[in-house]
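Enquirer: with the sequence up front, the predicted model follows.
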Amino acid sequence: MKIVLLQTGKTTEKYISEGIEQFSARISKYAGFDILTVPDLKSTKNMPVVEQKLKEGKQIIRLLDSEDYVIVLDEKGTEFRTVEFSGQLKKMFMLAKKRLVFVIGGPWGFSEEVYKKADLRMSLSKMTFPHQLVRLLFVEQLYRALTILKGDPYHHE
């Protein structure tokens, strides 16, 4: 099963991009991994938040398939300890799906349409982080969870 990180907007901070590239390369040794990016919306200064979420949501949904298991990263989602996340991944790998798609939205979150497509809402923390930094935190946790599944020495507990 392939793992996909679907994100909205470019990663503009160089240190975040470099970290994501390093962990993406590591992840690829364990599983097929892709990052898909929905382009930033244009002219949002006077656009209501609801409209921004709807437009981003349509772009996200266009990249999803009925054969996907969709996990949205959302502050109100279920929190897992790293070992628990690894266990969830193991269960997800047994599903009859083509891809696991983890979705990181823009600064305003997701439209209701995206939430309806989600099979799981997952939170990385109760704290609030910039959505670009969440990308780096997520790929590190994904790598860590995969090393736990394979029994490789990265995670210490």
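Expert: Structure's in. What do you need? Keep in mind that what you see is a predicted model, and the values were worked out from it rather than measured. Numbers count the residues shown, from 1 in each chain.
Enquirer: which residue sits closest to residue 136, ignoring its sequence neighbours?
Expert: Distances taken as CB to CB, 6 or more residues apart in numbering place residue 19 nearest to residue 136, at 4.6 Å, with adjacent residues excluded. All C-beta spots, glycine's among them, are computed from the backbone N, C-alpha and C.
Enquirer: tally of neighbours for that neighbour?
Expert: 18 (other CB atoms under 10 Å).
Enquirer: what comes up buried for the helix or strand harbouring it?
Expert: Secondary structure from DSSP states H and E places residue 19 in helix 14-27. Buried residues in helix 14-27, counting neighbours by 16 or more other CB atoms under 10 Å, are found at 16, 19, 20, 23, 24, 26, 27.
Enquirer: what residue lies at the spatial centre of this structure?
Expert: residue 102 (3.3 Å; CA atoms, centre = their mean).
Enquirer: was I right to think it contacts residue 5?
Expert: Yes. Using CB atoms under 8 Å, residue 102 is in contact with residue 5, at 5.3 Å.
Enquirer: quick check: phi and psi at the residue in the chain sticking out farthest from the centre.
Expert: In the chain, counting by CA atoms, centre = their mean, residue 46 sits farthest out from the average C-alpha position, at 27.8 Å. Dihedral pair for residue 46: phi -110, psi 10, per degrees, to the nearest 10.
Enquirer: mind pulling up the pLDDT for it?
Expert: For residue 46, the pLDDT comes out at 84.
Enquirer: distance of it from residue 40?
Expert: 16 Å (CB to CB, to the nearest Å).
Enquirer: then residue 69?
Expert: Here residue 69 is placed at a distance of 26 Å from residue 40 (CB to CB).
Enquirer: again with residue 107
Expert: 11 Å.
Enquirer: go on, residue 65?
Expert: Residue 65 is 23 Å from residue 40, by CB to CB.
Enquirer: ok, now residue 115?
Expert: 21 Å.
Enquirer: and residue 28, by the same measure?
Expert: 26 Å.
Enquirer: now residue 147
Expert: Per CB to CB, residue 147 is found 33 Å from residue 40.
Enquirer: same deal with residue 66?
Expert: Counting by CB to CB - residue 66 and residue 40 are separated by 27 Å.
Enquirer: lovely, talk soon.
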